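Asker: Following is a predicted model, sequence given first.
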Amino acid sequence: MTTIIDGRQLARELNAKTQQRVAQLAQRGITPGLAVIIVGTDPASSIYVRNKHKKAGQLGIRSVVRTFSPTVSQTELLAAVAEYNADPTIDGILVQSPLPAGLDERAVFDAIAPEKDVDGFHPLNTGKLFGNLPGPYPVSCTPQGIMTMLKSLHQPLAGKRAVVVGRSNIVGRPMAALLLNANLVVTVAHRYAQDLRALTKTADVLVVATGITHLIKAADVKPGAIVIDVGMDRDAQGKLTGDVDFDAVSPVAGAITPVPGGVGPMTIATLMQQTVDLCEWREQRGNN
Ligand SMILES: Nc1nc(=O)c2c([nH]1)NC[C@@H]1CN(c3ccc(C(=O)N[C@@H](CCC(=O)O)C(=O)O)cc3)C=[N+]21
């Protein structure tokens, strides 16, 4: 009776809506454009970028990928961002994180025009999110995709206790803000937490984004809890797995996301959704 939250199926449904919106725009001669900047050839990063590019193509989004050598200078990267900022055919700009050591990732994110910031990493957009200011504005794709997954359960969330484990700028912090904006009671736990397991055990909604393989075991989860696993870890056999011990936890949980097939596909579907959002918002502003 545990619900397995099927990220692939939810992503298919979201992508179908996005594809329809792209078709509507096409009737008016508009094609959403996504620019992806990747530095180096880390195999995992290259796979994500290739998947994003492929999905964009399937939905009718024009996607351009620019790959730089790991020796690229900060100046060259900023020049590429400036070029896409000024390019009227580009609606969304994504700089694949993390950048190699020696490059200032924050400075590159900050250089992206806030209205083209498809990842929602620019301080203007995170500031709006944390202030629960009226939209529209882009939000980090992984936590936004998780909110879509939570909504798919059709359970009232206001007043529930959420625990987010991890406080990265990409996942933990924006996740906490989204849950708080949805009126949950939010705790953010991290590596300095005293008695982490006592905290996770109180969660009605538990989001785990630590990169620690199978950190969360059955005894750490409240019976019936909604468990969201953001981990993308490799087990001893090199198989992709999560921060949650799925086999042990799923009998305890009320609903749980698998890895793979959970949060990952929804992250990409949300990226596509937000590329089209940015395109439509720009249209509405009459800013070509
Ligand atoms: N600026 C930026 N924005 C990002 O959104 C961003 C990033 N940098 N850097 C890296 C992370 C990671 N990420 C993933 C997206 C999809 C899957 C995904 O689709 N995973 C599949 C499995 C893929 C596989 O088998 O390897 C799944 O979970 O089923 C995973 C990871 C986006 N990220």
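Answerer: Everything's here; your move. This is a predicted model, so every value here is computed, not measured.

Asker: How about the residues of the stretch 51-200 of the chain by the ligand?
Answerer: N51, L94, V95, Q96, S97, D119, C141 (C-beta under 6 Å from any ligand atom). Backbone N, C-alpha and C define where each C-beta goes, glycine included.

Asker: and with 5 Å instead?
Answerer: Contact residues, the stretch 51-200 of the chain versus the ligand (C-beta under 5 Å from any ligand atom): L94, Q96, S97, D119, C141.

Asker: Kindly reformat these as TSV containing distance to Q27.
Answerer: Formatted as TSV, these follow (distance: C-beta to C-beta, whole Å):
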residue	distance to Q27
L94	26
Q96	32
S97	35
D119	28
C141	27
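
Asker: Looking at these, which is nearest the ligand?
Answerer: Of all those, the ligand sits closest to S97, with 3.7 Å by C-beta to the nearest ligand atom.

Asker: related to what we said a few turns ago, out of the residues of the stretch 51-200 of the chain next to the ligand, name the ones that lie in strands.
Answerer: L94 (DSSP state E).

Asker: Among the residues of the stretch 51-200 of the chain next to the ligand, pick out the one closest to G254, please.
Answerer: Comparing these against G254 with C-beta to C-beta places C141 closest, at 25.2 Å.

Asker: what's the neighbour count on that closest one?
Answerer: Neighbourhood size, C141 [other C-beta atoms under 10 Å]: 26.

Asker: In the stretch 151-288 of the chain, which residue sits nearest the ligand?
Answerer: For the stretch 151-288 of the chain, C-beta to the nearest ligand atom, closest residue to the ligand: G264, 2.3 Å.

Asker: how's the chain carved up into domains?
Answerer: 28-113, 141-264 (automatic domain parsing).

Asker: now the helices for the stretch 101-250 of the chain?
Answerer: With DSSP state H, counting those that start in this stretch as the criterion, the stretch 101-250 of the chain has helices at 105-111, 123-130, 141-152, 172-181, 196-200, 246-249.

Asker: Out of these, which is closest to E283?
Answerer: With C-beta to C-beta as the yardstick, what comes closest out of these is helix 123-130 (18.9 Å).

Asker: Which strands and helices lie in contact with that closest one?
Answerer: helix 172-181 (3 or more C-beta pairs under 8 Å, 6 or more residues apart in numbering; DSSP states H and E).

Asker: Pull out the buried positions in the helix it packs on.
Answerer: Across helix 172-181, burial judged by 16 or more other C-beta atoms under 10 Å covers G172, R173, P174, M175, A176, A177, L178, L179, L180, N181.

Asker: got the contact list for T89?
Answerer: Neighbouring residues of T89 by C-beta atoms under 8 Å, 6 or more residues apart in numbering: T31, G33, R62.

Asker: What pLDDT does the model give the nearest residue to the last one once chain neighbours are set aside?
Answerer: Across the structure, with C-beta to C-beta, 6 or more residues apart in numbering as the measure, the residue nearest R62 apart from its sequence neighbours is G33 (4.6 Å). In this model, G33 is scored at 98, pLDDT.

Asker: Could I have the buried ones of the residues of the stretch 51-200 of the chain next to the ligand as ChimeraX selection syntax?
Answerer: Restricted to buried positions by 16+ other C-beta under 10 Å, the ChimeraX selection for those reads:
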select :94,96,97,119,141
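
Asker: any idea how far A198 is from the residue lying closest to I170 once chain neighbours are set aside?
Answerer: Spatial nearest neighbour of I170, excluding adjacent residues (C-beta to C-beta, 6+ apart): S140 at 5.7 Å. Here the criterion is C-beta to C-beta, to the nearest Å. By it, S140 lies 28 Å from A198.
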